[in-house]
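1. quick one, what's the 3D model for this:
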Amino acid sequence: MQTIDNLKVVIGAGDHNNNPTWLQTQESELNLLRKSDWEKNFSSNTLQAIVAEHVWEHLTYEEGVSAAEICYEFLRPGGYVRCAVPDGYFPDKEYQNVIKVGGPGPENHPAASHKIVHNYKTLRSLFEKAGFIVDLLEYCDEKGNFHESQWDEKTGFIYRSKRFDHRNKSGKLKFVSVIVDAVKPS
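-> Numbering: from 1, shown residues only. Down below sits the predicted model:
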């Protein structure tokens, strides 16, 4: 059981979520853009951490800033959002086809509701606009070179990452994400 002092929330808990002690939520109960959902569940300045894996690409850039502002209000000082999105700079044509706006095929494909393809610059800037300090954990640069910093999965597990995605087990990167920690200043 989590106390109010260490409450950690997963937004859009999916199939690969490995944050079992965290509060698991779905859009129907905690919508990133509906502040009233947040007010029903939490007090301002109380959450320790929020994980959102492959959620922010389903928002426009402006909606992403609004969602970040709402998260900022409910995080305690020093709290963070660990956010992962598909990487617009990953140099693989098949991957880019899957993550593109509108997705690769039928309306029921998860990518069909993608509204933006982020890269490290766009994701960092939207969180910075909301007041966060952003640490880049994994990302590709403009030339397609992959960069990573060490991060602890116990502070927010991200499946679609270099270390954990089964598609990367051969030693060759097949699926990566832009992963950031957006930290609310103390």
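2. the longest strand in this protein is where?
-> If you go by DSSP state E, the chain has its longest strand at strand 75-86.
3. isn't His118 right up against Ala84?
-> No. Judged on C-beta atoms under 8 Å, His118 makes no contact with Ala84 at a distance of 9.9 Å. In short, each C-beta sits where N, CA and C put it, glycine included.
4. run a quick neighbour tally on Ser113.
-> Other residues near Ser113 come to 13 when the count uses other C-beta atoms under 10 Å.
5. what do you get for the one 4 residues further on?
-> For Val117, the neighbour count with other C-beta under 10 Å is 17.
6. quick one, what contacts it?
-> Glu57, Pro86, Gly88, Gln96, Ile99, Lys100, Val101 (C-beta atoms under 8 Å, 6 or more residues apart in numbering).
7. and these, which is closest to Glu27?
-> Among the contacts of Val117, Glu57 lies closest to Glu27 (C-beta to C-beta), at 13.7 Å.
8. now stretch 32-43, how far from the centre of its chain.
-> In terms of C-alpha atoms, centre = their mean, to the nearest Å, the centre of stretch 32-43 is set 18 Å apart from its chain centre.
9. what do you get for stretch 137-155?
-> 13 Å.
10. and that stretch, which residues are buried?
-> Leu137, Glu138, Tyr139, Cys140, Trp151 (16 or more other C-beta atoms under 10 Å).
11. show me which of those residues is closest to Tyr61.
-> Tyr139 (17.1 Å).
12. test my guess that the closest one contacts Asn119.
-> Yes. With contact defined as C-beta under 8 Å, Tyr139 counts as touching Asn119 (7.4 Å).
13. find residues that contact each of the two.
-> What both Tyr139 and Asn119 touch, as defined by C-beta under 8 Å, 6+ apart, is the set Asp87, Tyr89, Val178.
14. quick one: which of those residues is nearest Ile133?
-> Looking across those and measuring by C-beta to C-beta, the closest to Ile133 is Val178, at 16.4 Å.
15. contacting residues for Lys184?
-> Tyr72, Leu75, Arg76, Pro77, Gly78, Gly79, Tyr80, Gly131, Phe132.
16. ugh, typo on my part, it should be Phe164
-> Asn18, Glu153, Phe157, Ile158.
17. residue ranges with poor pLDDT in this structure?
-> 1-5, 15, 105 (pLDDT under 70).
18. can you pull out the strands in it?
-> Remark: strands assigned in the chain by DSSP E are 8-11, 23-24, 47-53, 75-86, 133-140, 146-148, 177-183.
19. the second one: partners in the sheet, and parallel or antiparallel?
-> Partners of strand 23-24 in the sheet, by DSSP bridges, are strand 8-11 (parallel).
20. ok, now the third one?
-> Strand partners for strand 47-53, identified by DSSP bridges, are recorded as strand 8-11 (parallel), strand 75-86 (parallel).
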